[in-house]
Each structure stands twice: as structure tokens, then as C-alpha cells.
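Q: Mind looking at a prediction? Sequence and model below.
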Amino acid sequence: MDCRVVAAANLWVTVGGGGVGQIGGGFSHESEHDLALMVSDFLENGSSGAESWCSSDSDSVVSDFAHLAEKIQICKLSVVQYEIDLLSLVHSLILSMNESNIRSTNSRPCYASCIRFYLVKLLRLSGYDAGVCASKWQASGKVPGGDNEYIDVVNDNSGTSERLIIDIDFRSHFEIARAVDSYDRILNSLPVVFVGSFARLKQYLGIMVEAARYSLKQNSMPLPPWRSLAYLQAKWQSPYQRYTHLEGNNINNSFIHKHRANCLELLLLYYKCLPITMFATRLLIIIIMFDADF
């Protein structure tokens with residue numbers, strides 16, 4: 001898996017896989033209760049409930065992907081100084097981790113919970129009000145139930161106690177079956193680690209849902225409910241429990257135990273990709289400072 005900067009205007013471009021979830025299925029973050037039933041029902045009846053497709057012309061689809069790629073670059077530039085500072089710190093703290101720091105207290109493998117809790121520990125030592133948030137929601141209408149785990153940082157300096165979201169395996173939320181090359185390029189242009197506001201997160205979600213729709217359309221596949229905008233938004237907007245340290249059974253153990261992802265593999269991904277991202281962040285700061293002068 002190689003990481004490289006393609007062009008100065010395209011700051012975060014990673015060549016290779018995105019995330020450590022199951023590529024093709026994309027179920028690395030999803031709740032597994034009733035999932036087999038839901039998938040079976042979708043495969044049999046999914047097209048009847050699918051969202052309407054956009055353009056059917058191949059050239060138009062290519063143009064759509066190009067437009068979405070531009071929107072992602074705009075999202076990356078739509079940051080404030082506090083987010084940039086936190087992003088730089090998060091990258092540095094993650095790269096300071098080693099295998100001994102991420103051993104789970106549970107006997108079974110976790111889905112990066114050990115990384116999240118250790119990162120929260122380091123952030124709190126750095127003076128940030130950080131916590132691990134375990135969200136869960138019930139099925140509603142066409143939106144399947146599920147759960148998610150992420151980090152938040154409460155920024156009291158804003159005067160409104162704004163929550164900033166940190167997702168340490170951001171790309172895995174958007175992996176889809178039989179993705180076309182244009183989709184993979186957009187997926188790999190996403191940050192490996194997302195740090196930002198809910199507003200900016202929603203912008204990314206909307207872009208990736210459109211990209212998934214265009215990609216799946218090329219294979220005559222409808223958008224599955226677990227890749228819909230409502231489902232993705234539920235991951236970060238649903239009721240949650242917040243924990244500042246790992247302590248026995250105080251977190252969603254079913255979430256931790258049921259996933260098989262290799263945390264060490266995710267750590268190796270960071271070692272390969274984050275140095276490039278950190279360099280891109282410095283370029284971003286220069287761009288923002290340059291724009292501020294004019």
C-alpha cells in the first residue's frame with residue numbers, strides 16, 4: 001500500500017486500499033444483528049426501494065466523479081485553525097504509538113477500540129477534553145439499526161462547547177462492492193483520519209453517498225440502505241455513551257468483541273500514510289495563510 005501526493009492542489013491522495021475493513025462488503029463498522037436478513041432481503045427486493053439514479057450517460061458519470069473530487073478538495077480547505085492544530089496533534093500522537101500501546105484488555109480482537117482509548121488518553125494528557133463515544137440506534141423505516149464508535153473533543157474555547165469528531169478509520173465507512181476506478185480514487189483521496197466538525201463531516205458524507213450511487217449504477221446495482229445518507233449520519237448523530245478511559249465492562253463490549261479487524265494493520269497503515277498527510281497539512285496551512293493575506 002503506497003501513499004503519495006499527486007499534485008499540490010490535490011493534497012491528500014493515497015494510492016492503495018482504504019481502511020482495514022472488509023473491502024467489497026464494507027461491514028467493518030456495522031451492527032451485525034439481523035444484518036444477514038437485511039442483506040438477503042435487499043438482494044431480493046433492493047431495486048424496488050432504491051433511490052432514483054442520476055444521469056445514465058457514461059461521460060456524464062465521469063464528469064460527476066470529477067465534480068465530486070473537486071468538492072472533496074473544497075472540504076479539506078474548509079477548516080479553521082483549531083481543527084488544523086488538533087489534526088496535527090492527532091497525527092503526531094498516532095505515529096508515536098507502537099504495538100505495546102494498542103493491546104486490548106479483552107481476550108478477543110477489537111475493532112481499533114484499543115487505539116481509540118489510547119489516543120484519548122494522550123489527548124487528555126495534552127489538555128483536550130476527549131472521550132470515546134459509543135453510539136447505537138434502532139432501525140427506522142428504510143434505515144437499518146446499528147452502532148458506531150468514534151472519538152470526540154469538546155472545544156470550550158468556541159464559547160458553545162462545540163464537539164469535534166475524530167474518526168481513526170474514516171475510509172472504511174464508504175467501502176462498497178465492485179467499486180469502479182473513479183470511486184476508488186475518490187475514496188483514497190479521503191483523509192485516513194478525519195478530524196473536524198459535524199458540519200464538515202456531513203459534507204463528506206453527502207459527497208460519498210453520491211459517489212457510491214454513481215459507482216454502483218455502473219454495475220446496475222442500487223444503493224444499499226447501509227450506505228444511505230441517513231444511515232451514515234446516524235453513526236455520529238445517534239444517542240451515545242461517552243467514556244474517557246477503558247475500564248472493565250464500561251463500554252459496548254458487543255461492539256468491541258464482534259469485529260475481527262487487525263489493529264496492528266491499521267497502525268501500519270498510519271505509519272505509511274500519515275507522514276504524507278502531515279506534509280499535506282503543512283501545505284494546507286500555507287495555503288490558508290496565503291489566502292488570509294489577500
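A: Arrived safely, thanks for sending.

Q: nearest residue to G131 other than its sequence neighbours?
A: Nearest residue to G131, sequence neighbours excluded (C-beta to C-beta, 6 or more residues apart in numbering): R242, at 4.3 Å. Bear in mind the C-beta positions are built from the backbone N, C-alpha and C, glycine included.

Q: can you count the residues close to S182?
A: 19 (other C-beta atoms under 10 Å).

Q: my bad, should have said P239
A: Neighbourhood size, P239 [other C-beta under 10 Å]: 9.

Q: swap in S78?
A: Applying other C-beta under 10 Å, we find 13 other residues in the vicinity of S78.

Q: for the one 5 residues further on, same thing?
A: A count of neighbours around E83, defined by other C-beta under 10 Å, yields 17.

Q: That one touches F198, doesn't it?
A: No: applying C-beta atoms under 8 Å, one finds E83 not in contact with F198, separated by 12.0 Å.

Q: element containing L216, please.
A: Element membership of L216 [criterion: DSSP states H and E] is helix 198-218.

Q: Quick one: name whatever helix or strand follows that helix.
A: Following helix 198-218 in sequence order, the next helix or strand is helix 229-237 (DSSP H and E).

Q: Outside of that next one itself, list whatever touches it.
A: Identification of contacts with helix 229-237 by C-beta atoms under 8 Å, 6 or more residues apart in numbering yields 29, 135, 137, 142-144, 146, 148, 150, 165, 173, 198, 201-202, 205-206, 208-209, 225.

Q: Give me the buried positions along the following helix or strand past that helix.
A: Under the assignment DSSP H and E, the closest C-terminal helix or strand after helix 229-237 is strand 240-243. Buried positions in strand 240-243, judged by neighbour count with 16 or more other C-beta atoms under 10 Å: 240, 243.

Q: swap in stretch 198-211?
A: Buried positions in stretch 198-211, judged by neighbour count with 16+ other C-beta under 10 Å: 200-201, 203-211.

Q: Now it: average pLDDT?
A: Mean pLDDT, stretch 198-211: 96.

Q: can you dump the C-alpha coordinates of it into PDB?
A: What follows is stretch 198-211, C-alpha atoms only, in PDB (Å, rounded to 0.1, in the frame of the first residue of the first chain):
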ATOM      1  CA  PHE A 198     -20.200  17.800  12.300                       C
ATOM      2  CA  ALA A 199     -20.900  20.300   9.500                       C
ATOM      3  CA  ARG A 200     -17.800  19.300   7.600                       C
ATOM      4  CA  LEU A 201     -18.400  15.600   8.300                       C
ATOM      5  CA  LYS A 202     -21.900  15.900   6.800                       C
ATOM      6  CA  GLN A 203     -20.400  17.400   3.600                       C
ATOM      7  CA  TYR A 204     -18.100  14.400   3.200                       C
ATOM      8  CA  LEU A 205     -21.000  12.000   3.800                       C
ATOM      9  CA  GLY A 206     -23.100  13.700   1.200                       C
ATOM     10  CA  ILE A 207     -20.300  13.600  -1.400                       C
ATOM     11  CA  MET A 208     -19.500   9.900  -0.700                       C
ATOM     12  CA  VAL A 209     -23.200   8.800  -1.000                       C
ATOM     13  CA  GLU A 210     -23.400  10.500  -4.400                       C
ATOM     14  CA  ALA A 211     -20.100   8.800  -5.400                       C
END
